[in-house]
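Asker: Pasting the sequence and the predicted coordinates here, then a few questions.
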Amino acid sequence: MLEKVFLLKDSKTVEISEYLNVKVLGFKREAPNLESQYISFEGSDGSDLVSSVYKSFILSMSIYIKSANGYDFELNLNNILTFLYDREPYFLVREKEPGKRYKVMPLPYNESKLNDNNGTIQIDFEVFEGHAESLATTLSGEGFNDNIFQFGQGLPMEDYEYQHKTNNFVIYNAGDFTVDPREHELKIIVKGVSEGSLNIFNKTTGERFIYNGSLYSTKGEVLTIKGVYPYKNGVNCGIDTNGGLISLVPGINEIEVTNITRVDVGFDFRFLYK
């Protein structure tokens with residue numbers, strides 16, 4: 001069955017079959033690649049689990065090339081390879097999973113000629129980060145009514161929000177993985193009025209971020225924590241913090257923001273999936 005596959009590259013989105021004038025015959029993925037390490041002790045039954053991590057897995061795409069002659073086939077094949085093989089990673093999005101994207105690098109391909117004019121190639125892609133991610137971020141639109149998230153993305157029926165003007169609220173991580181700012185995309189934008197010791201506390205994880213400087217959003221000041229780096233009005237202010245980080249575990253994260261008034265806090269991130 002034919003399937004549409006979209007490629008996101010250099011801020012552009014193209015549908016592969018239309019852009020390359022080919023047919024995508026099939027698209028499949030491997031199971032999550034969970035690698036576990038164990039330690040065993042002499043005289044003890046079994047083993048103890050030491051660690052487990054999700055390693056890269058493979059996506060496979062089968063493409064049918066129909067050409068006027070053998071020369072045209074080689075020209076079409078070269079166009080496909082030139083387009084898909086790049087030094088930089090890009091994203092693939094399946095029509096059947098429109099709310100998820102896979103960050104990939106291409107692997108060697110296999111060619112199967114039906115005759116001199118026509119044939120198929122199978123290209124494997126390595127999802128080297130070991131997970132898919134939501135196409136949209138939590139603050140991409142006005143909310144989850146924008147049809148930017150799909151069924152099966154772990155979103156409950158409750159209308160969770162990611163922009164809050166209260167000091168206590170919940171941030172819901174609908175993904176399968178903890179969003180860790182040391183590894184993943186996470187931006188926290190804070191506006192309000194604080195004389196110092198602004199606290200962002202994730203009660204669920206016990207993590208705490210403290211900003212010791214002042215913040216006056218009435219004067220246009222904004223505190224942004226982008227990944228592991230905090231900025232006040234675009235200037236790094238890490239020296240004025242406790243060096244703490246806020247991560248988001250799957251499911252409910254209870255957040256408390258203290259020592260600030262007129263609070264307005266946004267959490268912008270992508271959900272991560274096995």
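Answerer: Done, it's in. Here the structure is a predicted model, which is why all the values come from computation and not from measurement.
Asker: I'd say Asn242 and Phe209 touch.
Answerer: Yes: look at Asn242 against Phe209 with CB atoms under 8 Å: they come within range, at 7.0 Å. The way it works is simple: take the backbone N, C-alpha and C, and place the C-beta from them, glycine included.
Asker: what's near enough to touch Ile16?
Answerer: 4-7, 22, 24, 61, 63 (CB atoms under 8 Å, 6 or more residues apart in numbering).
Asker: Check Gly192 too.
Answerer: 198, 215, 217, 260-265.
Asker: try it again with 10 Å
Answerer: With contact set as CB atoms under 10 Å, 6 or more residues apart in numbering, Gly192 has these partners: 165, 167, 198, 215-218, 221-223, 257, 259-265.
Asker: Against Lys226, how distant is it?
Answerer: Applying CB to CB, to the nearest Å, the value for Gly192 to Lys226 is 18 Å.
Asker: cool, Phe269 as well?
Answerer: Phe269 sits 11 Å away from Lys226, going by CB to CB.
Asker: quick one: low-confidence parts of the stretch 151-274 of the chain?
Answerer: 151-158 (pLDDT under 70).
Asker: do that again at 80, thanks
Answerer: Counting by pLDDT under 80, the stretch 151-274 of the chain has low-confidence residues at 151-159.
Asker: Can you list the residue ranges for helices in it?
Answerer: Remark: no helices are assigned in the stretch 151-274 of the chain by DSSP state H, counting those that start in this stretch.
Asker: returning to what we had before: please pick the buried ones from the contacts of Gly192.
Answerer: Taking 16 or more other CB atoms under 10 Å as the criterion, what is buried in those is 167, 198, 215, 217, 221, 223, 257, 259-260, 263-265.
Asker: His164 reaches Gly266, doesn't it?
Answerer: Yes: counting by CB atoms under 10 Å, Gly266 is a contact partner of His164 at 7.7 Å.
Asker: Compute the number of surrounding residues for Lys226.
Answerer: By the criterion of other CB atoms under 10 Å, Lys226 has 15 neighbours.
Asker: So what pairs up with it in the strands?
Answerer: Beta bridges link Lys226 to Lys187, Tyr229 when assigned by DSSP bridges.
Asker: distance of it from Asp240?
Answerer: In terms of CB to CB, Lys226 sits 16 Å off from Asp240.
Asker: pLDDT score for Glu42?
Answerer: We have a pLDDT of 82 for Glu42.
Asker: Wait, a helix at it?
Answerer: No: Glu42: not assigned to a helix; according to DSSP: H, G, I helix; E, B strand; the rest coil it is coil.
Asker: quick one, phi psi at it?
Answerer: phi -60, psi 130 (degrees, to the nearest 10).
Asker: longest helix anywhere in the chain?
Answerer: Looking across the chain with DSSP state H, the single longest helix is helix 70-84.
Asker: Could you list the residues in contact with that helix?
Answerer: Residues from elsewhere that reach helix 70-84 (CB under 10 Å, 6+ apart): 7, 9, 14, 16, 19-22, 61, 63, 65-69, 90, 92, 104, 106, 109, 111, 113, 115-119, 121, 123, 125.
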